[in-house]
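K.L.:
A predicted structure for the sequence below; I have some questions about it.
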Amino acid sequence: MAVRLYLNSVSKTFTMHLQGGTVIPVVDKVEFSVDAGECVVLGGPSGAGKSSILKMIYGNYRCDQGQILVTVGDDIVNVAGAEPRDILKLRSDTIGYVSQFLRTIPRVSAEDVVAEPLIAQGSSEEEGRDKARNLLARLNVPERLWTLPPATFSGGEQQRVNIARGFIAYYPVLLLDEPTASLDAANRAVVVRLVEEKKAQGVAMVGILHDQDVRQEIADRIIDVTTFSSEAAA
Ligand SMILES: Nc1ncnc2c1ncn2[C@@H]1O[C@H](COP(=O)(O)OP(=O)(O)OP(=O)(O)O)[C@@H](O)[C@H]1O
């Protein structure tokens, strides 16, 4: 299978400017690739740097060193050196991010929140809404809620709206940040199925998943992030 994502010797530290410039090493020389249709799960204890790696791939955190290469059609783009406007473009059509928290938008209905990424990629509003409703139904969000803004939804309902939003569009690279945290078994199984469908479409995924059963079901490979700790490198 074709390599979709390649992290080449990526290192990251945080400099605490308000604490006299203390430097906190996070990860050193992270090196792995993800093929099309593969799901790689980042493992390791709390604080090992899993979220930081995901945020660097999404362009939220800058790397100190290294390259994050993403295949975009016939081109290869280095996220680590990309301009902010290029990062925004990558986020609309190449790299998706499914987190467990929904950022609610006032007065926008759940189905429109879910449909938005698909419409942004060029689908019609009708197609966007149809697919949004389909996903909301699969994730057991009650139909009476679909036309309401999710601000007043329960935590679990908001999480499922967010998952629907994260899975609705096609991105060649998809980042999963604890997408099943605090879901019940039935909805965890739906997420497992959604991930399998993305694999079948050739999507390359990198995930953080603490749930052992879900991890077992969807991880093709587990990468222990402690291998890249600065202490291990020293
Ligand atoms: N914005 C930040 N500023 C300063 N330090 C940070 C920042 N983000 C993360 N860190 C530090 O980097 C280290 C790695 O954090 P990170 O969140 O990547 O770990 P993690 O493996 O995802 O942990 P968890 O499983 O608890 O979410 C931690 O020591 C954390 O305190």
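P.N.:
That came in fine, so what should we check first?
K.L.:
what's the weakest-modelled helix or strand in this structure?
P.N.:
helix 230-233 (a mean of 59; mean pLDDT, DSSP states H and E).
K.L.:
how near is residue 182 to the ligand?
P.N.:
To the ligand, residue 182 is 15 Å away according to C-beta to the nearest ligand atom, to the nearest Å. C-beta: built from backbone N, CA, C; applies to glycine.
K.L.:
check contacts around that residue.
P.N.:
Residue 182 makes contact with 100, 155-156, 159 under the criterion C-beta atoms under 8 Å, 6 or more residues apart in numbering.
K.L.:
quick check: which ranges of this protein have low pLDDT?
P.N.:
1, 231-234 (pLDDT under 70).
K.L.:
how about the strands in it?
P.N.:
Under the criterion DSSP state E, the chain contains strands at 3-16, 22-35, 39-43, 65-72, 75-78, 95-98, 173-177, 204-208, 221-224.
K.L.:
got a list of contacts for the last one?
P.N.:
By C-beta under 8 Å, 6+ apart, the residues outside strand 221-224 that reach it are 32, 38-44, 215.
K.L.:
ok, and of those, which contact the ligand?
P.N.:
residue 44 (C-beta under 6 Å from any ligand atom).
K.L.:
got CSV for the contacts of strand 221-224, with neighbour count and distance to residue 195 too?
P.N.:
Formatted as CSV, the contacts of strand 221-224 follow (neighbours: other C-beta atoms under 10 Å; distance: C-beta to C-beta, whole Å):
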residue, neighbour count, distance to residue 195
32, 18, 19
38, 20, 11
39, 24, 6
40, 19, 12
41, 21, 11
42, 25, 15
43, 19, 17
44, 19, 21
215, 17, 11
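K.L.:
circling back to that earlier point, just flag the most distant two among the contacts of residue 182.
P.N.:
Based on C-beta to C-beta, the longest span within the contacts of residue 182 runs between 100 and 156 and measures 10.2 Å.
K.L.:
counting neighbours, go ahead and name the busier of the two.
P.N.:
A count of neighbours by other C-beta atoms under 10 Å puts residue 100 above the other of residue 100 and residue 156, at 19 against 15.
K.L.:
these two touch, right, the more buried one and residue 177?
P.N.:
Yes - the pair residue 100 and residue 177 passes the contact test of C-beta atoms under 8 Å, sitting 6.7 Å apart.
K.L.:
same for the longest helix seen in the chain, what does it pack against?
P.N.:
The residue-count maximum for a helix in the chain (DSSP state H) belongs to helix 185-200. For helix 185-200, the elements it packs on are helix 155-168, strand 204-208, helix 212-218, judged by 3 or more C-beta pairs under 8 Å, 6 or more residues apart in numbering; DSSP states H and E.
K.L.:
partners of the most centrally placed residue in the chain in the sheet?
P.N.:
Nearest to the mean C-alpha position of the chain, by C-alpha atoms, centre = their mean, lies residue 175 at 2.3 Å. Per DSSP bridges, residues listed as beta-bridge partners of residue 175: residue 97, residue 206.
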